[in-house]
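Asks: Give the three-dimensional model of this entry:
(one chain, ligands or ions: 1)
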Amino acid sequence: MPENKVVELTVAEGVGVITINNPPVNALTLDVREQLRQVLQEVEGSNEIRALVITGAGSKCFVAGADIKDFPRQMENGPRENATIYKEMFTYLEEAPMPIIAALNGLALGGGCELVLACDLRIADELVKIGLPEVTLGLIPGLGGTQRLARLVGQTKAKELLFTGTIISAEEALRIGLVNQVVPQGTALEEALKLARKLAKGAGVAMAYAKHLVNAGSELPLQEALEMEMQHVEKIFDTEDLQEGLEAFINKRPAVFKNR
Ligand SMILES: C/C=C/C(=O)SCCNC(=O)CCNC(=O)[C@H](O)C(C)(C)COP(=O)(O)OP(=O)(O)OC[C@H]1O[C@@H](n2cnc3c(N)ncnc32)[C@H](O)[C@@H]1OP(=O)(O)O
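Replies: Numbering: from 1, shown residues only. Here you go, the predicted model:
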């Protein structure tokens with residue numbers, strides 16, 4: 001058990017919850033990076049977790065970005081080593097066969113925003129602000145922000161946000177498609193948990209396939225992506241879940257999906 005526990009994983013009802021708790025702003029320090037890597041390995045090794053929620057402790061910040069004061073330590077071997085570790089974690093989030101929801105309890109800035117961009121869904125408290133202010137420090141996002149933001153909201157809006165470093169409101173983030181939902185202040189985690197519990201009882205194989213197809217297909221020519229979709233349709237016809245789903249509908253009862 002690390003003496004300075006800044007990242008916690010709890011699991012209940014098939015839902016894993018990762019909480020980043022590094023006051024005062026949940027900045028990404030070396031401890032946060034290492035403990036986040038550890039808990040994601042636990043998630044990967046778990047047979048119990050069917051949906052994952054990531055949130056920040058407190059009501060001020062989800063994650064206020066990399067720990068600017070800790071840069072020398074984090075970057076002692078250059079920015080590539082630090083970024084590679086985060087790239088592995090964010091790639092895991094994008095490839096994990098389960099829905100991953102960011103519950104935005106507060107400011108998501110810089111690396112915090114980049115963590116959010118690697119999740120599948122984003123639910124924000126109404127007072128949340130989110131953005132990539134790196135340019136105001138003379139930096140650029142180094143954890144995938146230039147690429148994932150442009151893919152999510154389009155190049156024009158992404159360039160505007162990257163050039164200006166503007167921190168946008170939750171409502172604006174909703175308007176541009178950066179978040180799925182804006183909820184009353186202080187309820188983002190509760191709403192994310194409600195959704196995660198529902199998804200954890202859902203057809204996990206179908207959701208995993210849909211996630212993979214959207215992520216992988218977005219980088220393929222359309223016809224190749226359609227073929228990849230059809231291959232997954234053929235695979236899903238061999239699953240017990242599909243049989244269960246059809247029988248449950250016919251017999252007018254809730255389906256009980258076993259993720260196989
Ligand atoms: C590859 C990734 C790159 C990046 O992520 S670059 C970093 C991107 N993030 C930022 O640029 C955010 C910088 N921080 C801020 O803009 C503000 O802060 C906040 C909006 C987060 C909060 O503002 P307010 O409420 O006025 O509080 P406060 O006095 O500015 O901060 C409280 C304490 O928190 C420290 N702090 C804030 N952000 C960071 C950070 N990103 N890294 C390290 N420390 C941070 C401050 O210094 C201060 O500390 P003390 O009380 O000792 O003066």
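Asks: give the contact list for the nearest residue to residue 247 once chain neighbours are set aside.
Replies: Closest residue in space to residue 247, ignoring its immediate chain neighbours: residue 255 at 8.0 Å, by CB to CB, 6 or more residues apart in numbering. No exception for glycine: its C-beta is placed from N, CA and C like everyone else's. When the contact criterion is CB atoms under 8 Å, 6 or more residues apart in numbering, the partners of residue 255 are 203, 241, 244-245, 247-249.
Asks: mind checking pLDDT for residue 255?
Replies: For residue 255, the model assigns a pLDDT of 95.
Asks: Quickly find the element holding residue 32.
Replies: helix 30-45 (DSSP states H and E).
Asks: Kindly report the same for residue 123.
Replies: Counting by DSSP H and E, residue 123 is part of strand 121-125.
Asks: now for the helix or strand just after that strand, which elements pack on it?
Replies: Next in sequence after strand 121-125, counting helices and strands by DSSP H and E, comes strand 129-131. Applying 3 or more CB pairs under 8 Å, 6 or more residues apart in numbering; DSSP states H and E, one finds that strand 129-131 contacts strand 107-109, helix 111-117, strand 167-169, helix 170-175.
Asks: how many neighbours does residue 165 have?
Replies: Using other CB atoms under 10 Å, residue 165 has 16 other residues around it.
Asks: can you tell me how far it sits from the ligand?
Replies: To the ligand, residue 165 is 8 Å away according to CB to the nearest ligand atom, to the nearest Å.
Asks: How about the contacts made by that residue?
Replies: By CB under 8 Å, 6+ apart, the neighbours of residue 165 are 131-136.
Asks: now do residue 141
Replies: Residue 141 touches 110-111, 113-114, 132, 134, 149, 162, counting by CB under 8 Å, 6+ apart.
Asks: out of those residues, which one sits closest to residue 44?
Replies: Within these, the smallest distance to residue 44 is 20.1 Å, found for residue 114 (CB to CB).
Asks: Leaving aside the residues adjacent along the chain, what's closest to that closest one?
Replies: Going by CB to CB, 6+ apart, residue 114 has residue 143 as its nearest residue, at 4.0 Å.
Asks: Assign that neighbour to helix, strand or coil.
Replies: coil (DSSP: H, G, I helix; E, B strand; the rest coil).
Asks: So it is in contact with residue 88, correct?
Replies: No - counting by CB atoms under 8 Å, residue 143 does not reach residue 88; the two are 11.0 Å apart.
Asks: Compare neighbour counts for these two and give me the winner.
Replies: Shown here are residue 143 and residue 88; by other CB under 10 Å, residue 143 has more neighbours (28 against 11).
Asks: How much space separates the most centrally placed residue in the chain from the ligand?
Replies: The residue lying closest to the centre of the chain (CA atoms, centre = their mean) is residue 119, at 1.7 Å. Going from residue 119 to the ligand by CB to the nearest ligand atom gives 16 Å.
Asks: Also residue 58?
Replies: On the measure of CB to the nearest ligand atom, residue 58 and the ligand end up 12 Å apart.
Asks: what do you get for residue 174?
Replies: Residue 174 is 20 Å from the ligand, by CB to the nearest ligand atom.
Asks: and that residue, how many neighbours?
Replies: Neighbour tally, residue 174, other CB under 10 Å: 17.
Asks: And for the one 10 residues further on?
Replies: Counted with other CB under 10 Å, residues neighbouring residue 184 total 11.
Asks: Show the pLDDT at it.
Replies: 98.
Asks: again with residue 30
Replies: 92.
Asks: For the protein, which residues are neighbours of the ligand?
Replies: Within the chain, the residues that sit near the ligand (CB under 6 Å from any ligand atom) are 24-25, 27, 61, 64-69, 107, 109-111, 133-134, 137, 139, 142-143.
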